[in-house]
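> The following block contains a protein sequence and its predicted model.
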Amino acid sequence: MAPMKLYGWVVSPWMARVRVCLEEAGAEYEVVPMSRSGGDHRRPEHLARNPFGEIPVLEDGDLTLYQSRAIARYILRKLKPEFLGDGGLKQSATVDMWIEVESHQLEPVLLTIVVNCILAPYVGRERDQAAVDESLGKLRTLLPVYEARLSASKYLAGDEVTAADLCHFGFMRYFMATEYAGIVDAYPHVKAWWESLLARPSVKKVIAGMPLDFGFGSGNIP
């Protein structure tokens, strides 16, 4: 069977979400590199894959998928279904719930912080500190929820890593490179959870392609 094809730029936290699942699943895949600055995502051939002009896109045979969490679930459902909750209905529902929490609660908060604290200087934008401060306030209400959950189990859906944890990786990676990463120190179970994820071989491999400056400092802008 031909390897899966993953289209996008590897510095993307959305790409990272998919890549870490591919690595955990032991999938055969190749990254088809694209250039955001070159407008590859707006070209007709990519719009034929994803009419919204976004990445990542996964091709597996005659199946084409977009939306990173849907891709992640597909990969794990196909190759590593236990990562979606093999403890029965309750655990699988818990996995789904924490994926939704990450999607609707955490990612928007971290995105605002990362864009302003890391990307803004490179793209000639002034930092919107008011937006950063507002997001930090929201984060301080979210982290106690995570701390409570992770004080009851090592990972978000139990004592083994699942898709719920892996889907958090991309944006946490960049947030933890900002000057506000120390906020996590006040939540020992959250900190231990994050350090446990960082120790995984899959995460180490994916991080190697995610420079803290998104490639701007080296001139390798995607």
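Here it is on my side, so go on.
> ok, which stretches of this structure are helices?
Using DSSP state H, the helices of the chain run over 13-25, 44-47, 68-79, 89-101, 107-114, 129-150, 163-166, 169-175, 188-198, 201-207.
> OK, contacts around the residue nearest to the spatial centre of the chain?
Nearest to the mean C-alpha position of the chain, counting by Cα atoms, centre = their mean, stands G170 at 2.8 Å. For G170, the contacting residues are S12, P13, W14, M15, A16, R17, V20, taking Cβ atoms under 8 Å, 6 or more residues apart in numbering as the criterion. For the C-beta atoms, the positions are set from N, CA and C on the backbone; glycine is no exception.
> ChimeraX command to pick out the buried ones of these?
Selection of the buried residues among the contacts of G170 in ChimeraX, burial being defined by 16 or more other Cβ atoms under 10 Å:
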select :12,13,14,15,16,17,20
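> Need the contacts of G170 in CSV (columns: pLDDT).
Putting the contacts of G170 into CSV (pLDDT from 0 to 100) gives the following:
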residue, pLDDT
S12, 95
P13, 96
W14, 97
M15, 97
A16, 97
R17, 98
V20, 98
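> for the contacts of G170, which one is nearest R73?
When these are compared for distance to R73 (Cβ to Cβ), R17 comes out closest, at 10.7 Å.
> just checking, that closest one touches R73?
No: in this structure, R17 sits apart from R73 without contact. The criterion is Cβ atoms under 8 Å, and the distance is 10.7 Å.
> Tell me how far I75 lies from A163.
Going from I75 to A163 by Cβ to Cβ, to the nearest Å gives 9 Å.
> joint contacts of the two?
Taking Cβ under 8 Å, 6+ apart as the contact criterion, the residues that touch both I75 and A163 are C21.
> Run a quick neighbour tally on the residue nearest to Y174 when sequence neighbours are not counted.
Of all residues not flanking Y174 in the chain, V114 sits nearest, at 4.5 Å (Cβ to Cβ, 6 or more residues apart in numbering). When neighbours are counted by other Cβ atoms under 10 Å, V114 registers 25.
> same question, F83
By other Cβ under 10 Å, the residues close to F83 number 24.
> ok, for it, nearest residue in space, not its chain neighbours?
Computed as Cβ to Cβ, 6+ apart, the closest residue to F83 that is not its neighbour in sequence is L76, at 4.4 Å.
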